[in-house]
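In: Got a predicted model here, sequence first, then my questions.
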Amino acid sequence: MALKHFRKLSPVLVGFNHRCEIFGRSLTSSLQQIKLSRANAGTAAGQTVVTERRGRVVTVGINRPEVRNAVNQETARRLLEELEAFDRDPDLNVAVLHGEGGNFCAGYDLKELANHTASLKLEQDVTKGPGPLGPSRLELSKPLIAAVSGFAVAGGLELAVLADLRVVEESAVMGVFCRRFGVPLIDGGTVRLPRLIGLSRALDLILTGRPVGAQEALAYGLANRIVPDGQALQAAVQLAEEISSFPQQCLRADRSSAMYSCYEAPSFKQAMQYEIDHGAPVIQAESVAGATRFTTGAGRG
């Protein structure tokens, strides 16, 4: 499935701690397994985005911790390049987007916006170029998971909702903090957020700009998993590896159909037609072999 495009922009922050319930299975074994070595990640000083491959999973990290991973133009360009490269790579199944240094992303770098307004070029045709934060207009053909720690606000929230799933730490804070500075959501926030959590709840966040803790995010459906502080990346990689272990043609066909039904299908009948058209070829490609494994006892229970 080819890459397409959508839209997005910006943030700032304030402190907020929120205790929350932890869902999902124990991460003990994965914490031992998933010591993410930086030797091959290219985390050299000065790189605004760092990546690491782990089998068929790649982690993509925003590396501007001194500004809570606010995205400038260079970072936006690099994020776009890395996620496009992931989508093209036949050896990668799932990507994990995260922030280095304890925060996911504080949105667009408002200092750059204030001091270099003339250099900020916005492509208003969403089919012709990237969003202000880089990859926000992409429609990836493979799953993306956000590992959310610290602040994921303004444009950072928009990057979080670009992902299929969000693994959120207990003390993480999400919100449309750019509300107070007159910076609009132009990286997909007004498009994806209502689809994910419903219009009423989305408007509560969009109109007030208030902080949302992990527990409320989970109740809203904005967070998919809550984990202890410091464990979002490990938990997200574990989840990515689990997803990567499934037959991928079938998984991507189902994912594509769900996305089409949510965002593009003009009618129920056309959504159903898309589902069968893209699901039927999987029967011979993967389902027959899977059914054969099942009959021999594999995967039961």
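Out: All right, it came through fine.
In: When you work out contacts or count neighbours from here on, use the C-alpha atoms and nothing else.
Out: OK.
In: Can you pull the phi/psi pair for the residue nearest the centre of the chain?
Out: Centroid-nearest residue in the chain: Ala163, 2.3 Å away (criterion: C-alpha atoms, centre = their mean). Note on Ala163: backbone dihedrals following degrees, to the nearest 10 are phi -70, psi 160.
In: pLDDT weak spots in the stretch 1-150 of the chain?
Out: 1-45, 116-120 (pLDDT under 70).
In: try 90 this time
Out: Applying pLDDT under 90 to the stretch 1-150 of the chain flags residues 1-46, 110-129.
In: isn't the residue nearest to the centre of the chain right up against Ala146?
Out: Yes. With contact defined as C-alpha atoms under 8 Å, Ala163 reaches Ala146; the gap is 5.7 Å.
In: so which strand or helix has Ala146?
Out: Assigning secondary structure by DSSP states H and E places Ala146 in strand 144-148.
In: Just checking: what are the partner strands of that strand?
Out: strand 94-99 (parallel), strand 165-169 (parallel) (DSSP bridges).
In: neighbouring contacts of whatever helix or strand comes next after that strand?
Out: For strand 144-148, the following helix or strand on the C-terminal side (DSSP H and E) is strand 151-153. Residues outside strand 151-153 that contact it (C-alpha atoms under 8 Å, 6 or more residues apart in numbering) are 11-13, 68, 103-107, 160, 172-178.
In: how close does the residue nearest to the centre of the chain sit to Thr48?
Out: Distance, Ala163 to Thr48, by C-alpha to C-alpha, to the nearest Å: 20 Å.
In: do the same with Ile276
Out: Counting by C-alpha to C-alpha, the gap from Ile276 to Thr48 is 42 Å.
In: neighbour count winner among these two?
Out: Thr48 (22 against 14; other C-alpha atoms under 10 Å).
In: My guess is the more buried one contacts Glu74. True?
Out: Yes. The pair formed by Thr48 and Glu74 meets the contact definition of C-alpha under 8 Å, at 7.4 Å.
In: how many neighbours does Gln234 have?
Out: Residues lying near Gln234 (other C-alpha under 10 Å) number 22.
In: can you give me the strands in the protein?
Out: Applying DSSP state E to the chain gives strands spanning 49-54, 57-62, 94-99, 144-148, 151-153, 165-169, 173-175, 212-213, 225-227.
In: Keeping just the C-alphas, turn the second one into PDB.
Out: I take that to be strand 57-62. This file holds the C-alpha atoms of strand 57-62, laid out as PDB (Å, rounded to 0.1, in the frame of the first residue of the first chain):
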ATOM      1  CA  VAL A  57      11.100  -3.800  14.600                       C
ATOM      2  CA  VAL A  58      12.600  -0.300  14.400                       C
ATOM      3  CA  THR A  59      12.600   2.400  17.000                       C
ATOM      4  CA  VAL A  60      12.600   6.000  16.000                       C
ATOM      5  CA  GLY A  61      13.500   8.500  18.700                       C
ATOM      6  CA  ILE A  62      13.200  12.300  18.800                       C
END
